[in-house]
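Student: predicted model and sequence below, questions to follow.
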Amino acid sequence: MHDDHDRGLLFDLQIMRRRQLLGLMAAGGGALMLQGCGGSGDSGTTATSSATTTTTTTTTTTGTGTTGTGTTGSTTCASTPTETNGPYPADGSNMANGVLSNILNTSGVLRSDIRTSFAGLSGTAAGVPLTLTINLVNVNSACAALADYAIYIWHADALGQYSIYDLPQQNYLRGVQTTNANGQATFTTIVPGCYAGRYPHIHFEVFRSLATATAYANRSLVSQFAIPAAVCQAVYAAGGYGQSAQRFTQTSTASDNVFGDNTSAQIAAMTPSLTGDPTAGYTGSVTVGLAV
């Protein structure tokens, strides 16, 4: 007999749909139920929002990613450059401790708060809280919101270590969310630490739907966010981040081996706008542009 807690992301999706349908039936919404059977995994039912994004990014047509621009009102968006998924993605593209690692097929990965380990593992990542909203837009359609896409994010903990790889008994700081009707997905995590050789960052992959978010080969985009320098300085100076403060003085986006080949406009667009402090935590948003 299979344990419902380890049967994978597709099983979770089926359970979510079944619960939604039962809820609608209980409320007497039979007609609405019939209209809603497509679900987020049905590419033929993608919703489009006319709402404009709340974060302004700078137009550029250069870089390593697919190019494209679009505008709506005073808002301008650009294609987000493609970046490496690095050595610690756990998306089915490499091995971790001798085993092919793919967290995307683990039941429970669909979640907004990624600070704790899941699927039978226990542990919570210490660090300054960060609530990040990702706005996903179509640069080929006047920055229209892209609903029902799936976004997977992962990053290092406060000491610069990655779950599954550096920490085999943890799988925290990894999770998947689907974008809502406004093209938004929100994650609660921590400000990542700084490890030697890299500027502080958050990795992410975008998939066309939750149903396709099962392996790296299905992704529409892989890239990274750069943490604002002022946030890094304040958080690391407050303590609890190991050698991050010292390491941060030895790096910058210009010298980084990932961000270093991007233009200043691209770096600005890939850097979330955050407000807060090390005591209360940080909240903010960033826009990701796809040429759909």
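Tutor: Arrived safely, thanks for sending. Numbering: from 1, shown residues only.
Student: in the chain, where is pLDDT below threshold?
Tutor: When residues are selected by pLDDT under 70, those of the chain lie in 1-75.
Student: what's the helix or strand for the most centrally placed residue in it?
Tutor: Nearest to the mean C-alpha position of the chain, by CA atoms, centre = their mean, lies Ile153 at 3.3 Å. Taking DSSP states H and E as the definition, Ile153 sits inside strand 150-154.
Student: can I get the CA coordinates of that strand in PDB?
Tutor: Extracted as PDB, the C-alpha positions of strand 150-154 are listed here (Å, rounded to 0.1, in the frame of the first residue of the first chain):
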ATOM      1  CA  ALA A 150       4.200  27.000 -11.800                       C
ATOM      2  CA  ILE A 151       7.300  28.500 -10.200                       C
ATOM      3  CA  TYR A 152       9.900  26.500  -8.300                       C
ATOM      4  CA  ILE A 153      12.400  28.400  -6.100                       C
ATOM      5  CA  TRP A 154      15.400  27.200  -4.000                       C
END
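Student: what's the angle from the next helix or strand after it to strand 150-154?
Tutor: Later in the chain than strand 150-154, the nearest helix or strand by DSSP H and E is strand 174-178. Here strand 174-178 runs at an angle of 160 degrees relative to strand 150-154 (axes from the mean of the first three to the mean of the last three CA atoms, to 10 degrees).
Student: elements contacting strand 174-178?
Tutor: Counting contacts by 3 or more CB pairs under 8 Å, 6 or more residues apart in numbering; DSSP states H and E, strand 174-178 packs against strand 150-154, strand 184-190. Heads up, the C-betas are built off the backbone N, CA and C, glycines and all.
Student: deepest in the core, which of those is it.
Tutor: Burial of the helices and strands packed on strand 174-178 is given as mean neighbour count (mean count of other CB atoms under 10 Å); strand 150-154 ranks first at a mean of 25.
Student: on that earlier part again, what angle sits between the strand holding Ile153 and strand 184-190?
Tutor: 20 degrees.
Student: strands of the protein, start to end?
Tutor: 48-49, 69-72, 75-78, 91-96, 99-102, 129-138, 144-146, 150-154, 174-178, 184-190, 201-207, 219-226, 273-277, 281-290 (DSSP state E).
Student: please name the strands paired to the third one in the sheet, noting orientation.
Tutor: Taking DSSP bridges as the criterion, strand 75-78 sits next to strand 69-72 (antiparallel) in its sheet.
Student: kindly report the same for the last one.
Tutor: Here the strand partners of strand 281-290, with direction, are listed using DSSP bridges: strand 129-138 (parallel), strand 273-277 (antiparallel).
Student: which residues are contacting the shortest one?
Tutor: This means strand 273-277. Residues outside strand 273-277 that contact it (CB atoms under 8 Å, 6 or more residues apart in numbering): 55, 130, 132, 228, 231, 234, 282-286.
Student: show me which pair in those residues is furthest apart.
Tutor: Largest separation among the contacts of strand 273-277 by CB to CB: Thr55 and Ala234, giving 21.2 Å.
Student: returning to what we had before: so what does the strand holding Ile153 touch, helix or strand wise?
Tutor: Using 3+ CB pairs under 8 Å, 6+ apart: strand 150-154 touches strand 129-138, strand 174-178, strand 184-190, strand 201-207.
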